[in-house]
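**Q** need a structure here:
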Amino acid sequence: MNLTTEYLDELDDELDAHQLRRKGKRFKKKLVQSQTDAPLGKVARFDPVTQLGVETEFRPTFSASKLERAWILEYLGPFFEDHLIADVLRQVKGGKEATVYCCQADEHLGVELVAAKVYRPKIFRTLKNDADYRQGRVMLDEENQVLRGRREKLAIKKKSEYGQGLMHNAWLANEYQFLLALHAAGADVPKPIAQGNNTILMEYLGDATMPAPSLNTIDLPRDEARALFDRVMRNAELMLRHNCVHADLSAFNILYWDGDIRIIDLPQAVNPYVNPKAFPMFERDITRVCQYFQRYGVDVNPRQLARDLWRQNVKRDSSEVFLA
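**A** The predicted structure follows:
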């Protein structure tokens, strides 16, 4: 078994075979480096004071395995080069969709920690009913530019390897753009910092020893639950007013820390004015949140609540939408 195959197995198919063949030489070099005591590699970081490139080493503190070092270098190294992170401290979450790392922020950012969310390249290719989420969506590339070319549109339609790569980048761009708009509007979403190389760098909630848990894993004080429910509903309403339906909202996607919350995971988010299935998605979001808070005695009619919020905040023919 060669190094490339070992890397694929070690990271549980984090990269597909096509990507590995395309990047084979570069990955092999990194893997060989990671299996020695030598530095992962030296990169030129621009020094804003001297106006010169300074050669320095990117040697993350976190390294669960030697092979994962190459993964970290590939996706998080550019943020080190750009003076956005100073170190990778540990893994916060590993799942089917993405791996999240806690990183020490570069001192000029003004915060101690940031989160780096690295997506699995295959995740959006197998997303169930992905066409439902893409209806009416403006497709963006990895540079956040609108995909206009006939070749690109045809590749996406045919679901070729090239088209699947474009689709993957479009999902990430969709999440980043929604984060930018919603954070600027005052929603309780992580502050986005940068996007690139299959990764979104964003605000970290928690401390150096523990990340904020998701709401579904904790027991809330009963007297706090109602206020927190109202806060989540205000966020759902604020999102509607800024042309966003989360489309996968539940207690699993709400982080909680010391009375504070962050709503996360928005790659599938849709615009209520262009997606004909936006209301059923919104109603499902509201229902899931209501189901979680029922255990604390919060008794509301989720269907009626969803319809009321929609009528008040979306300037669209509600009778047509509710029948869809």
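**Q** would you confirm that Lys117 belongs to a strand?
**A** Yes - looking at Lys117 with DSSP: H, G, I helix; E, B strand; the rest coil, it is inside a strand.
**Q** tell me the confidence at it?
**A** pLDDT, the model's per-residue confidence, is 95 for Lys117.
**Q** for it, which residues count as its bridge partners?
**A** Going by DSSP bridges, Lys117 is paired in beta bridges with Val100, Ile200.
**Q** that one: how many residues sit nearby?
**A** 24 (other C-beta atoms under 10 Å). C-beta coordinates here come from the backbone N, C-alpha and C atoms, glycine included.
**Q** who are the packing partners of the one helix or strand Val88 maps to?
**A** Following DSSP states H and E, one finds Val88 within strand 85-94. Using 3 or more C-beta pairs under 8 Å, 6 or more residues apart in numbering; DSSP states H and E as the contact test, the elements touching strand 85-94 are helix 66-81, strand 98-105, strand 113-119.
**Q** so for it, what gets flagged as buried?
**A** The neighbour-count check on strand 85-94 (16 or more other C-beta atoms under 10 Å) flags Ile85, Ala86, Asp87, Val88, Leu89, Val92, Gly94 as buried.
**Q** Throw the helices and strands packed on strand 85-94 into TSV and include distance to Leu180, thanks.
**A** TSV is the format used below for the helices and strands packed on strand 85-94 (distance: least, C-beta to C-beta, whole Å):
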stretch	distance to Leu180
helix 66-81	17
strand 98-105	18
strand 113-119	15
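**Q** out of the ones you listed, name the one with the poorest average pLDDT.
**A** When I compare those, helix 66-81 is least confident, with a mean of 88.
**Q** so which elements touch that one?
**A** Going by 3+ C-beta pairs under 8 Å, 6+ apart, helix 66-81 lies up against helix 3-10, helix 24-34, strand 42-47, strand 85-94, strand 98-105, strand 113-119, strand 192-196, strand 199-203.
**Q** one more time with 7 Å
**A** helix 3-10, helix 24-34, strand 42-47, strand 85-94, strand 113-119, strand 199-203 (3 or more C-beta pairs under 7 Å, 6 or more residues apart in numbering; DSSP states H and E).
**Q** give me the angle between it and strand 113-119.
**A** Interaxial angle, helix 66-81 versus strand 113-119 (axes from the mean of the first three to the mean of the last three C-alpha atoms, to 10 degrees): 120 degrees.
**Q** how far off strand 199-203 does helix 66-81 point, in degrees?
**A** 70 degrees.
**Q** what comes up buried for helix 66-81?
**A** Of the residues in helix 66-81, 67-81 count as buried by neighbour count, 16+ other C-beta under 10 Å.
**Q** which one of the residues you listed is nearest to Ala105?
**A** Using C-beta to C-beta, Phe79 is the member of the buried residues of helix 66-81 that sits closest to Ala105, with 9.8 Å.
**Q** what does the domain assignment say about this structure?
**A** For the chain, automatic domain parsing gives the domain ranges 3-95, 124-323.
**Q** any idea where the strands of the stretch 201-324 of the chain begin and end?
**A** 254-257, 260-263 (DSSP state E, counting those that start in this stretch).
**Q** next, the buried residues of the first one.
**A** By neighbour count with 16+ other C-beta under 10 Å, strand 254-257 contains the buried residues Ile254, Leu255, Tyr256.
**Q** and if you look at stretch 273-293?
**A** In stretch 273-293, counting by 16+ other C-beta under 10 Å, buried: 275, 277-290, 292-293.
**Q** secondary structure class for Thr56?
**A** Under three-state DSSP, the three-state class of Thr56 is strand.
**Q** the buried residues of stretch 273-293 in helices, which ones?
**A** Assigned to helices by DSSP state H, the following of these qualify: 278-290, 292-293.
**Q** let me know the closest of those to Glu224.
**A** Out of these, the member with the shortest distance to Glu224 (by C-beta to C-beta) is Phe293, at 11.0 Å.
**Q** next, the contact list for the closest one, please.
**A** Ala225, Phe229 (C-beta atoms under 7 Å, 6 or more residues apart in numbering).
**Q** confidence score at it?
**A** pLDDT, Phe293: 97.
**Q** confidence-wise, which of the domains of the chain is weakest overall?
**A** Looking at these, the weakest mean confidence is domain 3-95, a mean of 63.
**Q** separation between Trp257 and Pro190?
**A** For Trp257, the distance to Pro190 (C-beta to C-beta, to the nearest Å) stands at 12 Å.
**Q** right, I mislabeled it, should have said Val298
**A** 25 Å.
**Q** more neighbours: the two, which one.
**A** Between Val298 and Pro190, Pro190 has the larger neighbour count (other C-beta under 10 Å), namely 22 against 16.
**Q** surely that one touches Leu266?
**A** No - Pro190 is beyond contact range of Leu266, at 9.7 Å (criterion: C-beta atoms under 7 Å).
**Q** list the residues that contact both of those two?
**A** Leu179.
**Q** quick one: Leu179 and Leu266 touch, right?
**A** Yes - checked against C-beta under 7 Å, the pair Leu179 and Leu266 is within contact range at 6.4 Å.
**Q** ok, Arg222 - how many residues close by?
**A** Arg222 has 11 neighbours, counted by other C-beta under 10 Å.
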